[in-house]
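Participant: Give me coordinates for this.
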Amino acid sequence: MAIAINRNQLEADGNGYLFHGKDHGNTNVSFIYVDMHPGEGVRLHRHGYDEVFVILEGNVRFTVGGDVVNASAGDVVVGPASVPHAFVSVGPGVLRQMVTK
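Facilitator: Below is the predicted model of the structure:
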């Protein structure tokens, strides 16, 4: 059965909205919809799973392990499991990205 969920119906978390697949049709996919203004970001952290960042709008600078990667709308950045990573919106406009979780 198909369902449509408005972003505002998702759990808000700072600059993002969390989609937990298990709560919506018991799907195995979860993601975060991120909106960040220039200068906003996420500090260095790590997960036990890969994260994939799909840049929808704006410009962003990632630190992944020892690498620094600049990305913009249309780019995809992969953060491998257990590798420390961080990112910051570098402007000039709002960063919008989807992040698998």
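Participant: from here on, contacts and neighbour counts on C-alpha atoms
Facilitator: Fine.
Participant: Can you tell me what sits against stretch 48-65?
Facilitator: Stretch 48-65 is contacted from outside by 44, 68-101, using Cα atoms under 8 Å, 6 or more residues apart in numbering.
Participant: so of the residues you listed, which ones are in strands?
Facilitator: If you go by DSSP state E, the contacts of stretch 48-65 have 44, 68-72, 76-79, 85-89, 95-100 in strands.
Participant: circling back: tell me the buried residues within the contacts of stretch 48-65.
Facilitator: With burial judged by 16 or more other Cα atoms under 10 Å, the buried subset of the contacts of stretch 48-65 is 71-72, 77, 79-80, 83-91, 94-101.
Participant: what residue ranges in this structure are flagged as low confidence?
Facilitator: For the chain, no stretch has pLDDT under 70.
Participant: Which strands and helices lie in contact with the host helix or strand of V34?
Facilitator: Assigned by DSSP states H and E, V34 belongs to strand 31-36. The contact analysis (3 or more Cα pairs under 8 Å, 6 or more residues apart in numbering; DSSP states H and E) places strand 31-36 against strand 16-19, strand 95-100.
Participant: Distance check, the nearest residue to G93 once chain neighbours are set aside against T27.
Facilitator: Residue nearest to G93 in three dimensions, not counting chain neighbours: G58, with 5.7 Å by Cα to Cα, 6 or more residues apart in numbering. Note on G58: its distance to T27, by Cα to Cα, to the nearest Å, is 29 Å.
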